[in-house]
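Student: Okay, sequence plus prediction incoming.
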Amino acid sequence: MGNTENIALVVGATGITGNNLAEELIAQGWKTYGLSRNPNNCITGLLPVKADLLDEHSLIEALEGISPTHVYFTTWMRNDTEEENIRINSMLVRNLLNVVSPKKSVQHVALVTGLKHYLGPFESYVKEGKLPETPVREEHPRLPLPNFYYAQEDEIYKASERDGFTWSIHRPHTVVGYAVGNLMNIAATLAVYASICKETGRKFIWPGSEAQWNGISDITDAKILAKQIVWASNTETAKNQAFNITNGEVFRWKWLWKRLADWFSIEAEGFNGTIRPLEKELENDQETWKVIAEKYNLKEKNLDRLSSAWHTDLDLGRPLEVMCDLSKSRKLGFTAYKRTEDSFIEVFERLRTENIIP
């Protein structure tokens, strides 16, 4: 049912999470603005807003005449150190909430973070000796480590006390999905890698750890994440809470890896005793990809724009099995569910349809 009273501002609308959230909001009849540095017009019904989150004046100008009832933070900026991550990523939340504060229109703010909440930041979560108990649960205490997620949450808590809006925090595991113009995710990365394997006759080699290969895992479809975010915006009992969010089922990579290879008709090779990072596996493949792209007339000839191997390596190289407890949101009535193999294959099919992989 459409509600003309709801005005959403999706911060980071060009990313995978923001893109899928904008589509979900529009489908549910919300007036939806998408804020980004370089908006694209790929979503029918999305009202683009061009602004720089680190520049308050840019935000004031861009949001003149826009009074959102709901603000959704689905973006972050990657920096060289966690200290810099904290400084920049808390600033972008603070700036935006400061700029909309005088409008007195905001009723709810949602923030998407992730499992680094429990595992620690990129550079420390593999090195820390003390790893969290799994499945991770929302009540787990914060780690005694610098973490930009905590800084972003704190900005929202402060602004919520000042302005009286409710909030929700959403913690997905690895997000799988499709977004026009932004392909940085594990599904696109693996699709590109598989396409290179197919073309060159190489094996589809597992890049991660033994714990991830043999252990239980879960992932988050961007559409399921979008549904939970909108659900939390509309559900009284879900307000002012943090929620884990995944597809609602578990799998082992040693099972899924072969299934993904089968889809591309290539040979899978599992864990062989050592971690074999995908970043290293692909480091000399820029030229290979260019040849493939020209041969099949693909849209993107630059491998770096399609593959974020460093991120996939971090996810798949973890020294422990990681999965989420979902009972908190389920108990409150959120029951959306997706089969993980379908999440990957839907993205693969879309990449092929859109002429991004052969």
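Tutor: Nice, I can see it.
Student: Can you say which helix or strand has residue 111 in it?
Tutor: Using DSSP states H and E, residue 111 sits in strand 108-112.
Student: tell me the mean pLDDT for that strand?
Tutor: Mean pLDDT, computed over strand 108-112, is 98.
Student: Ok, stretch 76-85 next?
Tutor: Across stretch 76-85, the per-residue pLDDT values average to 92.
Student: Stretch 116-127 now?
Tutor: 73.
Student: again with stretch 194-202
Tutor: Across stretch 194-202, pLDDT averages out at 98.
Student: which residues are contacting it?
Tutor: Residues outside stretch 194-202 that contact it (CB atoms under 8 Å, 6 or more residues apart in numbering) are 203-204, 260-261, 263-266, 282, 285, 288-289, 292, 357-358. Bear in mind the C-beta positions are built from the backbone N, C-alpha and C, glycine included.
Student: Highest neighbour count among those residues?
Tutor: Counting neighbours by other CB atoms under 10 Å, residue 357 leads the contacts of stretch 194-202 with 25 neighbours.
Student: confidence score at the residue sitting nearest the centre point of the chain?
Tutor: To find the centre residue of the chain, average its C-alpha atoms and take the closest one (CA atoms, centre = their mean): that gives residue 175, at 4.4 Å. In this prediction, residue 175 carries a pLDDT score of 94.
Student: picking that back up, send me the strand holding residue 111 as CSV with only the CA atoms.
Tutor: Only the C-alpha atoms of strand 108-112 are listed here, as CSV (Å, rounded to 0.1, in the frame of the first residue of the first chain):
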residue,chain,number,x,y,z
HIS,A,108,13.3,7.2,11.6
VAL,A,109,17.0,6.7,10.7
ALA,A,110,18.4,3.3,9.6
LEU,A,111,22.1,2.4,9.4
VAL,A,112,23.5,-0.5,7.6
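Student: Can you give the contact residues for it?
Tutor: Contacts for strand 108-112 (CB under 8 Å, 6+ apart): 17, 69-74, 93, 97, 152-153, 156, 159-160, 165-170, 172, 225, 229, 232-233, 239.
Student: quick one: the strands in the stretch 1-150 of the chain?
Tutor: With strands called from DSSP state E, counting those that start in this stretch, the stretch 1-150 of the chain shows them at 7-11, 31-36, 47-50, 70-73, 108-112.
Student: On the strand side of things, show who the residue nearest to the centre of the chain bridges to.
Tutor: For residue 175, the beta-bridge partners are residue 220 (DSSP bridges).
Student: give the contact list for it.
Tutor: Residue 175 touches 16-17, 114, 185-186, 219-222, 225, counting by CB under 8 Å, 6+ apart.
Student: next one: residue 269
Tutor: 203-206.
Student: before we move on, what about residue 237?
Tutor: By CB under 8 Å, 6+ apart, the residues touching residue 237 are 332-333.
Student: again, only using 7 Å
Tutor: Neighbouring residues of residue 237 by CB atoms under 7 Å, 6 or more residues apart in numbering: residue 332.
Student: can you confirm it is in a strand?
Tutor: No: membership of residue 237 in a strand is not supported by DSSP: H, G, I helix; E, B strand; the rest coil, which gives helix.
Student: Just give me the longest helix of this structure.
Tutor: Looking across the chain with DSSP state H, the single longest helix is helix 82-100.
Student: Please tell me how far that one is from the chain's geometric centre.
Tutor: In terms of CA atoms, centre = their mean, to the nearest Å, the centre of helix 82-100 is found 18 Å from the chain centre.
Student: by contact count, what packs against that helix?
Tutor: Counting contacts by 3 or more CB pairs under 7 Å, 6 or more residues apart in numbering; DSSP states H and E, helix 82-100 packs against helix 56-62, strand 70-73, helix 148-163.
Student: switch to 8 Å and redo it
Tutor: Packing partners of helix 82-100 (3 or more CB pairs under 8 Å, 6 or more residues apart in numbering; DSSP states H and E): strand 7-11, helix 56-62, strand 70-73, helix 122-125, helix 148-163.
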